[in-house]
Structures are given as structure tokens and as C-alpha cells.
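Q: no sequence for this one, just the structure:
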Ligand code: MLT
């Protein structure tokens, strides 16, 4: 059986697949068309960022499973997979701690203006009297999307002394109470929070969830975005920070990745940007690679595929 791996994954995942006796083909430069060209005799597909369209499923003769070594499956045409009887799996746990830590890191970075201070000092400027940091402790953070990542982020903010509120139409009051989180409507959250932390998955419902109107209503100072490009309207956020309506933002994810040098965020000093590094720690990459490899082995051996 042949497994095609289209994005760099940890060696531990590749080793699992090889130990299971599969032919493992790695091609990290391949694009969607390249996948379509070679998919005919592939049994299992292991991906991260590669877009898997309906055409891929149409060209596949033997494909049984696509596993994404990460959480989001928004780059896979799931209805098309279903139409062709192909299993779609993800690795929903292995990189959550990594993404939560980056979220907290960005929150400190943005509120303390670390990159700006760093750059000015490197340029020979002692900006001590110019830069006033903002403490996170005592703030109210408003988490948009209290799924697995949102909950990890919430726990960490809570431990740091922030009040944690959240908007999540799918979460019950009981669960929110257990977590000691104030569950609010989006408008209330925008009026209450000092910092918004966006952790919602990208769906048709969450696309542009935080747009011009919401940023206008937002009474706080900072926005952190580490879930998926598309949930926050990028030109609206760039404008809100550039105009000073919002003091700063920290962003790891973009509508189109990589976003390019002319992206509106790149010229706004108080938007701190990272290149979708949420999942990129060594531990997380080993975790998700092994999970995906095991899912592929299970599928190809006719076992139940677990999304664990
Ligand atoms: C995820 O969905 O878990 C992340 O986008 C993972 C990644 O960067 O591959």
C-alpha cells in the first residue's frame, strides 16, 4: 500500500508508516494539481496545509483515508470525501498545548509591545519613556470560541489572574460554570472585554465573525488571533489598529498563507505577526504525526479510525 505525505511531518510519523510495511512517498513541494497527478494509486494521504479538493478525490482510485496532522480540516473538501467514501481524520489534541502557549505568548508580547521595543533598541533608540506596557493581570479576556483550544487558553489566562469571559453559542451554561467562565452574547463580550482572543474554528458561520461592525463595538484594546484566517476580517482589523481604535493585535493565521509583503497587517506597527506557528513545537509535531500515521494504519488495516 502506498501513503503519500505532502507536508513536512515529524520522522516519528514516517517511521510508524514504514514499520507498518507501507511504501511512504514524501513530496513536500507538491501542490494540489501535483496531488491530482499522482493520487491514482495512493491508499493513504497524510497532509498539513495542502488543499485537498474534489478533483483529488475524483482522480483517486484506491484512496481510503486523508489524515490531517493538525486540528482544522478546512483545507479538505469533506462532502467530496464523503461522496467518494474516503475517511477524513484529524489530530485534535496533539498540538493544543502548543497553540495555547503561542496565544498567551502573543498576548504578553502585544500588551508589552516587545517587538516594538526590541526594534527601537536595535535601531539605537532608548524608548523607555515612550513605551508603557499593559499588564494582563486584572484584565478581562473575551475568548471567541470555547472549544478545546479556547478552553486551554482560558485556563491559562485564568491562572494568570485575568477574568475570563467567552462567546460560544455551542457551549452550555453548565460547562461554562464548571470552567468558571462568563458565557456572554457576542455584543456583550465586545463591550466587556479588554482583550479578545479568537479561538473559533473557521466555518461558514464564523467567516468574518469579527468584522468592521464588531471591531467598532469592541471597547477593549487588544485582539489576539490564533485559530484560522477568515474568522477575523483582515482589512477591518488592520484599519482598527492603524487608526488607534485598537492598541494592538497579535496574529498567527491569515486568509491566504503566506500573506505576502503587501498584506495590510505588514505595514501596521502594532500588529505583531507570526507565520502560523501555533502548532510548530517539536512535541506537538511528533504528537500529530504519530496520531495521523496511526489513523492511516488503522484505516488501511480495516480497523476503526480514532480521532484522539
Ligand atoms: C491546526 O489546525 O492544528 C494547525 O493549523 C496545524 C498546522 O499548522 O499544521
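A: All right, it came through fine. Nothing here was measured: the structure is a model prediction, and the numbers come from that model.

Q: which SS state does whichever residue of the stretch 1-150 of the chain sits closest to the ligand fall under?
A: Here the residue of the stretch 1-150 of the chain nearest the ligand is residue 70; by CB to the nearest ligand atom that distance is 2.9 Å. Every C-beta, even on glycine, is put in place using the N, C-alpha and C of the backbone. At residue 70 the chain is in coil, as set by DSSP: H, G, I helix; E, B strand; the rest coil.

Q: residues near it, how many?
A: The burial count assigned to residue 70 is 25, neighbours taken as other CB atoms under 10 Å.

Q: my guess is it contacts residue 91, does it?
A: Yes - Residue 70 lies in contact with residue 91 (CB atoms under 8 Å); the separation is 6.1 Å.

Q: Common neighbours of these two, please.
A: By CB atoms under 8 Å, 6 or more residues apart in numbering, residue 70 and residue 91 have these common neighbours: residue 288.

Q: residues contacting the residue in the stretch 151-300 of the chain positioned nearest to the ligand?
A: Proximity of the stretch 151-300 of the chain to the ligand (CB to the nearest ligand atom) peaks at residue 279, 3.6 Å away. Each residue near residue 279 by CB under 8 Å, 6+ apart is listed here: 70, 71, 95, 98, 99, 285, 288.

Q: So the fourth one sits against residue 284, correct?
A: Think residue 98. Yes - with contact defined as CB under 8 Å, residue 98 reaches residue 284; the gap is 3.8 Å.

Q: list the buried ones in stretch 47-63?
A: Under the neighbour-count criterion of 16 or more other CB atoms under 10 Å, stretch 47-63 has 47, 48, 50, 52, 53, 56, 57, 59, 60, 63 buried.

Q: what do you get for stretch 253-263?
A: Result for stretch 253-263 [16+ other CB under 10 Å]: buried residues 253, 254, 255, 259, 263.

Q: Let me have the residues you listed in TSV, extended by secondary structure and distance to residue 13.
A: Below are the buried residues of stretch 253-263 laid out as TSV (DSSP: H, G, I helix; E, B strand; the rest coil; distance: CB to CB, whole Å):
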residue	secondary structure	distance to residue 13
253	coil	23
254	coil	26
255	coil	28
259	coil	28
263	coil	32
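
Q: Output these as TSV; include the columns distance to residue 123 and pLDDT.
A: Listed next are the buried residues of stretch 253-263 as TSV, based on distance: CB to CB, whole Å; pLDDT from 0 to 100:
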residue	distance to residue 123	pLDDT
253	29	98
254	27	98
255	31	96
259	25	97
263	23	98
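
Q: which of those sit farthest apart?
A: Largest separation among the buried residues of stretch 253-263 by CB to CB: 253 and 263, giving 12.3 Å.

Q: Now for residue 54: which residues touch it?
A: By CB under 8 Å, 6+ apart, the neighbours of residue 54 are 77, 80, 83.

Q: I misspoke; the intended subject was residue 195.
A: Contacts of residue 195 by CB under 8 Å, 6+ apart are 107, 111, 136, 139-142, 162, 220-224.

Q: 6 Å - rerun?
A: With contacts defined as CB atoms under 6 Å, 6 or more residues apart in numbering, the neighbours of residue 195 are 139, 141, 220, 222.

Q: What of residue 153?
A: By CB under 6 Å, 6+ apart, the neighbours of residue 153 are 100, 103, 197, 199.

Q: what's it sitting at in phi/psi?
A: Geometry field for residue 153 lists phi and psi as phi -60, psi -40, criterion degrees, to the nearest 10.

Q: now swap in the one 10 residues further on and tell me
A: Note on residue 163: its backbone torsions stand at phi -80, psi 130 [degrees, to the nearest 10].

Q: close enough to count as contact, it and residue 138?
A: No - contact criterion CB atoms under 6 Å: residue 163 and residue 138 do not qualify, at 7.9 Å.

Q: Counting neighbours, go ahead and name the busier of these two.
A: Taking residue 163 and residue 138 together and counting by other CB under 10 Å, residue 163 has the greater number of neighbours (17 against 10).

Q: Tell me what the more buried one is bridged to.
A: residue 140 (DSSP bridges).

Q: measure it to residue 139 for me?
A: Distance of residue 163 to residue 139, given as CB to CB, to the nearest Å: 7 Å.

Q: try residue 208
A: 25 Å.

Q: For those two, indicate the residue with more neighbours.
A: Counted by other CB under 10 Å, residue 208 and residue 139 do not tie: residue 139 has more neighbours, with 22 against 15.

Q: can you pull out the strands in the stretch 51-200 of the chain?
A: 65-68, 87-90, 140-144, 163-167, 182-183, 195-198 (DSSP state E, counting those that start in this stretch).

Q: could those strands go into a markdown table alongside distance to the ligand and mean pLDDT?
A: Putting those into a markdown table (distance: least, CB to the nearest ligand atom, whole Å; pLDDT from 0 to 100) gives the following:
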| stretch | distance to the ligand | mean pLDDT |
| --- | --- | --- |
| strand 65-68 | 7 | 98 |
| strand 87-90 | 7 | 98 |
| strand 140-144 | 16 | 98 |
| strand 163-167 | 20 | 98 |
| strand 182-183 | 24 | 96 |
| strand 195-198 | 14 | 98 |
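
Q: This completes my enquiry, with thanks.
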